[in-house]
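*Asks:* Compute the structure for the input listed below.
(2 chains)
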Amino acid sequence: MIEARGLVKRYGQVTAVDGLSFDVPPGRVTGFLGPNGSGKSTTMRMIVGLDAPDAGSVTVGGRPYRSLPWPLREVGALLEAKAIHPGRSARNHLVALAQTNAIPGRRVDEVLELVGLAAVARRRAGTFSLGMGQRLGIAAALLGDPGVLLFDEPVNGLDPEGIRWVRTLLKGLAAEGRTVLVSSHLMSEMALTADHLVVIGRGRLVAQTSVEEFIASHSGRAVRVRSPRIADLVPALVTTGATVEPAGDGAVVVRGADGPAVGDLAASLGIALHELSPASTSLEDAFMELTAGTVEYHGEVAGVPGTGGDGQR
Amino acid sequence: MTTTGGVRSPAPDPVAPAPPRPAVPEPPGGAAGFGGVLRSEWTKLRTVRSTTWSVVATVVLTVGIGMLATGMAASHWSHRSLIDRLTFDPTSRSLTGLLFGQLAVGVLGVLAISAEYGTGTIRATLAAVPHRHRVLAAKAVVFAALAAAVGEVASFIAFFTGQAMLGSGPPHAALGQPGVLRAVVGGGVYLALLGLLALGIATVVRHTAGAISAFVGVLFVLPLIVQALPTSVQDAVDRYLPAFIGAVTTATRPGAHRVFAAFPTWAGLGVLAGYALAALAVGAWLLQRRDA
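*Replies:* Numbering: from 1, shown residues only, chains lettered A, B, ... in the order given. Down below sits the predicted model:
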């Protein structure tokens, strides 16, 4: 269980995280979703005590991270891909981390096996691809067999097979009753991986909802319409307050009016319809709509520490 | 680990397999302590090539330059003035290479922490050990042990090879003579303390190049600035300079190094230890309060 209450983090003039409160309960994958620069990485660093909040607090299992007696045995975090000394082997990198929390060397070999790096464990990490670096970061997170796991953009740099592997891994970890928080700026990825969403934009909470609710409330509100007299129908639709845009294949997508309303309107005007179907808004669209107003912010402050991108400081 | 209320586990199966062995055995109890951090820091230090290279460079520079300096002294001995011959210090001369070895030790001290910032591993390190002062303390202990061992080895080898290089002309030193053992041991201690100073500087600066520049500045640029000052001021300030303390530490007879202005050997090394501790203390304070 992760509980954030009123988290605030400022970097100079820029407020990266602005009064953020959310809960991450155990037993399910919680997607931490927001555009680049919305404060996801900063929040994750605050959870593991790397950055100190300017206000508010965050606890893991009811305790501040810094007071955990065996941090790696309780919380595992993948914060940055390839945060490895290029001259050190993957195994030695993990051994050094394991020793701080009295984790035996046998467990190091286990996690290397688990992430598929056993064969290259003794190679210098400088030769690793981004994907291998991600796998090593995931191995480090799993090292202490912790009940709480944080992954910041874990699929970056992974090939399709690796992405599917991460998805399965995250779901498996949650199914074992662990608390899993995984950040992404891709709604489509979260739709496949997460059960629950914490959506942020501009450092503020935008939504905290289950993925099903999110999908239900953000799709089916648009209708695809095809008609030989579409040019007569569109002005009539617009006067009712609906918005209309071409779908590109001769049909139009109508928002702000449901199927029956469009059908009734067409009938009252004597216009024949050749198609009237719900058009599922893509989740990506819904996400964009939800976080609109946070996107230009990205452009304004690109390059400011802690807001310029994920994991880049 | 318990499952959430929403997921009911089925009734226990009479032939259910034994629960799997925990992936990570229980910790010894209490909380993570300093011993594990020490082991971790030693692992980090010994598993990168830059450590090997720095150690080799320290020994090679200290011994090699010492051999060169003593060899030169031997070959020019017959042309030396009487004053030169009377003030010749075979111990100090054989330890000339420390002046260069200290650079390699300094680089090692800097890299011990700046490499963590450069590669981003500092975040994994500090997440594993949220008591950050322990990380720096462990780095300092492990590094000091290695640097002292390397420093003593380099200093003793340089002394013996240097005496051998002196040949038949100049006087030789032996460890039994007054002040000689102190000078040779002190030379190794000097290297270790300078390395710790470099570690402290790097903890404050957090960048490899910047920290090395600052370290070189303290060693070589500061004396140049002091030299530009009036003599009366120089005498008051010189004794506090690390490079001057090094020169005095390895000297066994007065003359060459305006010894009247100097602290006694161990007091001088004490001053140097004070610098290293001060730099480490500032570093520890910043490490604790800065975001990683």
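
*Asks:* from here on, contacts and neighbour counts on C-alpha atoms
*Replies:* OK.

*Asks:* so where's chain A uncertain?
*Replies:* Under the criterion pLDDT under 70, the flagged ranges of chain A are A:218-221, A:280-283, A:286, A:292-313.

*Asks:* Please report the distance of the one residue sitting closest to the centre of it from chain B.
*Replies:* The centre of chain A sits closest to A:Ser184, judged by C-alpha atoms, centre = their mean, with a distance of 2.7 Å. Distance check for A:Ser184 against chain B: by C-alpha to the nearest C-alpha, to the nearest Å, it reads 20 Å.

*Asks:* In the stretch 101-250 of chain A, what residue comes closest to chain B?
*Replies:* A:Gly177 (4.4 Å; C-alpha to the nearest C-alpha).

*Asks:* Residue numbers of the stretch 51-200 of chain A in contact with chain B?
*Replies:* A:51-52, A:65-66, A:69-72, A:80, A:83-89, A:92-93, A:95-104, A:107, A:144-145, A:147, A:175-178 (C-alpha under 8 Å from any C-alpha of the partner chain).

*Asks:* quick one, helices of chain A?
*Replies:* A:40-47, A:71-74, A:90-100, A:105-114, A:130-142, A:160-175, A:187-193, A:211-218, A:230-239, A:259-269, A:283-290, A:295-300 (DSSP state H).

*Asks:* what's the answer for the stretch 51-200 of chain B, then?
*Replies:* For the stretch 51-200 of chain B, the helices defined by DSSP state H, counting those that start in this stretch occupy B:82-87, B:90-94, B:98-119, B:121-128, B:132-165, B:180-205.

*Asks:* Distance to chain A, mean neighbour count and mean pLDDT added to those helices, as TSV?
*Replies:* Shown next, in TSV, are the helices of the stretch 51-200 of chain B (distance: least, C-alpha to the nearest C-alpha, whole Å; neighbours: other C-alpha atoms under 10 Å in any protein chain shown; pLDDT from 0 to 100):
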stretch	distance to chain A	mean neighbour count	mean pLDDT
helix B:82-87	48	12	87
helix B:90-94	35	28	95
helix B:98-119	6	25	96
helix B:121-128	5	23	96
helix B:132-165	10	22	97
helix B:180-205	16	26	97
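
*Asks:* Using CSV, lay out those helices together with distance to A:Ser21.
*Replies:* Below are the helices of the stretch 51-200 of chain B laid out as CSV (distance: least, C-alpha to C-alpha, whole Å):
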stretch, distance to A:Ser21
helix B:82-87, 75
helix B:90-94, 66
helix B:98-119, 30
helix B:121-128, 22
helix B:132-165, 27
helix B:180-205, 34
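
*Asks:* Nearest to A:Thr240 among the ones you listed would be which one?
*Replies:* The closest of the helices of the stretch 51-200 of chain B to A:Thr240 is helix B:121-128. By C-alpha to C-alpha, the value is 55.9 Å.

*Asks:* Report the inter-axis angle for the closest one versus helix B:98-119.
*Replies:* Angle, helix B:121-128 to helix B:98-119, by axes from the mean of the first three to the mean of the last three C-alpha atoms, to 10 degrees: 70 degrees.

*Asks:* Just give me how far helix B:121-128 sits from the chain centre.
*Replies:* 23 Å (C-alpha atoms, centre = their mean, to the nearest Å).

*Asks:* Which residues does A:Ser57 form beta bridges with?
*Replies:* As for beta bridges, A:Ser57 partners with A:Arg5 under DSSP bridges.

*Asks:* got a list of what it touches?
*Replies:* Neighbouring residues of A:Ser57 by C-alpha atoms under 8 Å, 6 or more residues apart in numbering or on different chains: A:Ala4, A:Arg5, A:Gly6, A:Leu7, A:Pro64.

*Asks:* Same question for B:Gln288.
*Replies:* By C-alpha under 8 Å, 6+ apart, the contact list for B:Gln288 reads B:Arg132, B:His133.

*Asks:* Looks to me like it is in a helix.
*Replies:* Yes. Counting by DSSP: H, G, I helix; E, B strand; the rest coil, B:Gln288 falls inside a helix.

*Asks:* B:Ala124: which of the helices of chain A is closest?
*Replies:* Among the helices of chain A, helix A:90-100 sits nearest to B:Ala124 (C-alpha to C-alpha), with 7.7 Å.

*Asks:* The closest one packs against which elements?
*Replies:* When contacts are defined as 3 or more C-alpha pairs under 8 Å, 6 or more residues apart in numbering or on different chains; DSSP states H and E, helix A:90-100 packs onto helix A:105-114, helix A:130-142, helix B:34-46, helix B:121-128.

*Asks:* which residues touch that helix?
*Replies:* By C-alpha under 8 Å, 6+ apart, helix A:90-100 touches A:84-85, A:104-105, A:108-109, A:112, A:120-125, A:136, A:140, A:143-144, B:32-33, B:35-37, B:39-41, B:43-44, B:47, B:124-125, B:128-129.

*Asks:* Thought A:Ala272 was touching A:Leu233, still the case?
*Replies:* No. Counting by C-alpha atoms under 8 Å, A:Leu233 does not reach A:Ala272; the two are 9.7 Å apart.

*Asks:* of those two, who's got more company?
*Replies:* It is A:Leu233, of A:Leu233 and A:Ala272, that has more neighbours when counted by other C-alpha atoms under 10 Å in any protein chain shown, with 21 against 15.

*Asks:* can you tell me which residues contact the residue nearest to the more buried one when sequence neighbours are not counted?
*Replies:* The shortest distance from A:Leu233 to any non-neighbouring residue, by C-alpha to C-alpha, 6 or more residues apart in numbering or on different chains, is to A:Ala266 (6.8 Å). Contacts for A:Ala266 (C-alpha under 8 Å, 6+ apart) come out as A:Leu233, A:Ala272, A:Leu273.

*Asks:* count of residues packed around whatever residue of the stretch 101-250 of chain B ends up closest to chain A?
*Replies:* Per C-alpha to the nearest C-alpha, the residue of the stretch 101-250 of chain B with the smallest distance to chain A is B:Gly120, at 4.7 Å. Neighbourhood size, B:Gly120 [other C-alpha under 10 Å]: 20.

*Asks:* Before I go, just wanted to say thanks for your time.
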